[in-house]
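1. sequence plus the predicted model coming up.
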Amino acid sequence: MMNIDTILEWLQDSQWHSLDEIRGCVSLSDDKVRRIIVFLEENEFVNFDNDKTRAKIRTPGLRFLELPAE
């Protein structure tokens, strides 16, 4: 779960980020980063661009980051 949180935090500036940029922030393989982004997209936390090479956080992802941590 930590990698998902880290990716969402990386995307919280609401700008498009390439999968290479995202991979650099979590030090995971291309395949693992892509699978995480696909999971986040399926759950409406992020959007992929048309080429599926960049991701951008959506409102539900930003709301998730605002939730209190225990």
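-> Received, thanks. Worth saying up front: this structure is predicted, and the values here are computed from it rather than measured. Numbers count the residues shown, from 1 in each chain.
2. wait, doesn't residue 62 sit right on residue 14?
-> Yes. Contact status for residue 62 versus residue 14: in contact at 7.5 Å, counting by CB atoms under 8 Å. C-beta here means a position set from N, CA and C on the backbone, and glycine is covered the same way.
3. more neighbours: which of these two?
-> Each of residue 62 and residue 14 has its neighbours counted (other CB atoms under 10 Å); residue 62 has more, 14 against 11.
4. ok, now which ones touch residue 52?
-> By CB atoms under 8 Å, 6 or more residues apart in numbering, the contact set of residue 52 is empty.
5. got the phi/psi numbers for it?
-> phi 60, psi 30 (degrees, to the nearest 10).
6. from what I see, residue 54 and residue 16 are in contact.
-> Yes. Counting by CB under 8 Å, residue 54 touches residue 16, with 4.4 Å between them.
7. and the next helix or strand past the helix ranked longest in the chain?
-> Ranked by residue count under DSSP state H, the longest helix found in the chain is helix 30-42. For helix 30-42, the following helix or strand on the C-terminal side (DSSP states H and E) is strand 46-48.
8. any idea how far the closest residue to residue 6 other than its chain neighbours lies from residue 68?
-> Leaving aside its sequence neighbours, residue 6 sits nearest to residue 26 (CB to CB, 6 or more residues apart in numbering; 5.2 Å). From residue 26 across to residue 68, the span is 23 Å (CB to CB, to the nearest Å).
9. perfect, that will be all.
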